[in-house]
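*Asks:* Sharing a model prediction with you, sequence too.
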Amino acid sequence: MEIVVCIKRVPQTAEAEVKVDPSGRDIVKDRLTFDINEADSYALEQAILLKEKYGGSVTAISLGPAEAEDTLRIALAKGADNALRIKEEDFTPLDGYKTALILYNIIKDLKYNVILTGCIATDDGYSQVGPIIAELLGIPHATLVTELEIKDEKAEVVRELEGGLLERLEINLPALFAVQTGINEPRYASLLAIRRAAKKEIKTLGGADIQGEVKSLSVLEKLYVPPVERRAEILSGSMDEISEKLVQIIKEKGLL
């Protein structure tokens, strides 16, 4: 089984103060740490689990700067067989469609039975790349996948729906799956494996390797921190006093 997994290097902003840079179109990254996108780490683990169970190879692909090679080496250390970096600097600015189009142009020339991506990227939250790649390739896809098994050239998939519902599907291969966090438990790379991965080749492709024109369908106009506003008011007093205050507020808001 030939498996392609798309991974992304993203800034870790959950516990960091995020500031918009002077351009107004990006964030200040000098003091941020970077790592593999959370959902992509589950996609990578799922790719390795499929290889271990069914045989074959895993190719990890990342569209990113030179530093993304560190992320790809971790993928190699965990069990990926091949790594490929597409030079982000040749294509910026990027949006979800353009990213998917670039990845499509590379993946279409590879051998694959299964393509895996994360369900969402923590830096932009688009959730577009996986489905667009599948549509461009003309193959079926499923998103928010929480279970994945391969049987007789078909995939048996469970995916999340709204309201806590689950959907079970049978999908013909080749296919793309955008996996949900929690589908597995990502492994850690051993120190020995990291040392070995440091010596492996990472193939690099750029603008000259992409056929045709690739361009964004959207333009980032502005990034900004939402303004702080008063969102809640706690009313105190007796029930009669609270009721009177509440009626007054509703009248002031023009709701009565």
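*Replies:* Received the coordinates, thanks.
*Asks:* contacts and neighbour counts: CA atoms only from here.
*Replies:* OK.
*Asks:* Glu69 and Arg85 touch, don't they?
*Replies:* Yes - counting by C-alpha atoms under 8 Å, Glu69 touches Arg85, with 6.9 Å between them.
*Asks:* Residues in contact with both of these two, list them for me.
*Replies:* Ile202 (C-alpha atoms under 8 Å, 6 or more residues apart in numbering).
*Asks:* For the stretch 151-256 of the chain, which segments count as helices?
*Replies:* Remark: helices of the stretch 151-256 of the chain, listed N- to C-terminal, are 191-197, 239-252; assignment by DSSP state H, counting those that start in this stretch.
*Asks:* how about TSV for those helices, with mean pLDDT and mean neighbour count added?
*Replies:* As requested, those are arranged in TSV below (pLDDT from 0 to 100; neighbours: other C-alpha atoms under 10 Å):
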stretch	mean pLDDT	mean neighbour count
helix 191-197	95	14
helix 239-252	90	12
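*Asks:* so where do the strands sit in the stretch 1-150 of the chain?
*Replies:* Under the criterion DSSP state E, counting those that start in this stretch, the stretch 1-150 of the chain contains strands at 2-6, 9-11, 34-36, 57-64, 82-87, 114-118, 141-151.
*Asks:* Kindly reformat those strands as CSV and extend each row with distance to Arg231 and mean pLDDT.
*Replies:* Putting the strands of the stretch 1-150 of the chain into CSV (distance: least, C-alpha to C-alpha, whole Å; pLDDT from 0 to 100) gives the following:
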stretch, distance to Arg231, mean pLDDT
strand 2-6, 40, 98
strand 9-11, 29, 93
strand 34-36, 33, 93
strand 57-64, 39, 97
strand 82-87, 44, 97
strand 114-118, 34, 97
strand 141-151, 32, 96
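*Asks:* quick one: which of those is nearest Ser216?
*Replies:* Nearest to Ser216 among the strands of the stretch 1-150 of the chain is strand 57-64; the distance by C-alpha to C-alpha comes to 14.9 Å.
*Asks:* distance between that closest one and the chain's centre?
*Replies:* 13 Å (C-alpha atoms, centre = their mean, to the nearest Å).
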